[in-house]
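Novice: no FASTA, just this:
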């Protein structure tokens, strides 16, 4: 029998493997294989996603960090997509809390192909204190068609999705709507009606997402 994978070693999980996340079974098209760079044991921790604009405002970045810290301190693993803006801020804030706080980056490329390039150091730190995850094979480059499919994995893994800032036609809203279809909780942080990256959050609230002002508002709705 081969030895178990070591933490921070890239592992390929096939659908049906005992470590394969059961929440993917809620998808009509669960990934046949999952590539993971990090500690497989972390897949058992309840997860919440924090997503939002790549061009987030300073307030948006601060909100992403505040929600990530509050939810991580409550025992949740923070999931996002390694993108610029809100995603990066959520990952960074979780890592800064220290070694007992974990974050997962679901990638739109192979886990060995970091995108965007300015997040190379961030990805390196996530490997040590979390996981990089992708359904794409090693060496797969980032492509536009990969990111909507990446978003469905974020939605499926999470017990809830928090949208910090988003335009009305953004990937974050795709993630939120997929989450709602899967029966996950959806939360949105409101903003100025004059700010275009608040319009997507306001639309989600109109459609039934819970308006949240702080991490406690999220925690009150989650069971984990």
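Specialist: Structure received. This structure is a prediction, so every number in the text was calculated from the model and none was measured. Numbering: from 1, shown residues only.

Novice: all strands in this protein, in order from the N-terminus.
Specialist: Using DSSP state E, the strands of the chain run over residues 9-14, 33-38, 47-51, 77-80, 103-106, 130-134, 160-163, 185-188, 210-211.

Novice: Check those for me and report the most buried one.
Specialist: Looking across these with neighbours counted as mean count of other CB atoms under 10 Å, the highest average goes to strand 47-51: a mean of 30. Using the backbone N, CA and C atoms, a C-beta is placed for each residue, glycine as well.

Novice: Quick test: name the residue nearest the centre of the protein.
Specialist: residue 80 (2.2 Å; CA atoms, centre = their mean).

Novice: thinking it is in contact with residue 54, fair?
Specialist: No: counting by CB atoms under 8 Å, residue 80 does not reach residue 54; the two are 11.5 Å apart.

Novice: what residues are shared contacts of the two?
Specialist: 86, 87 (CB atoms under 8 Å, 6 or more residues apart in numbering).

Novice: Excluding chain neighbours, give the residue nearest to residue 147 in space.
Specialist: Nearest residue to residue 147 in three dimensions, chain neighbours excluded: residue 108, at 4.4 Å (CB to CB, 6 or more residues apart in numbering).

Novice: I'd say the one you found and residue 150 touch.
Specialist: Yes: applying CB under 8 Å as the test, residue 108 and residue 150 come out as touching, 4.4 Å apart.

Novice: By mean pLDDT, point me to the weakest helix or strand of this protein.
Specialist: None of the helices or strands of the chain scores lower by mean pLDDT, DSSP states H and E than strand 9-14, at a mean of 92.
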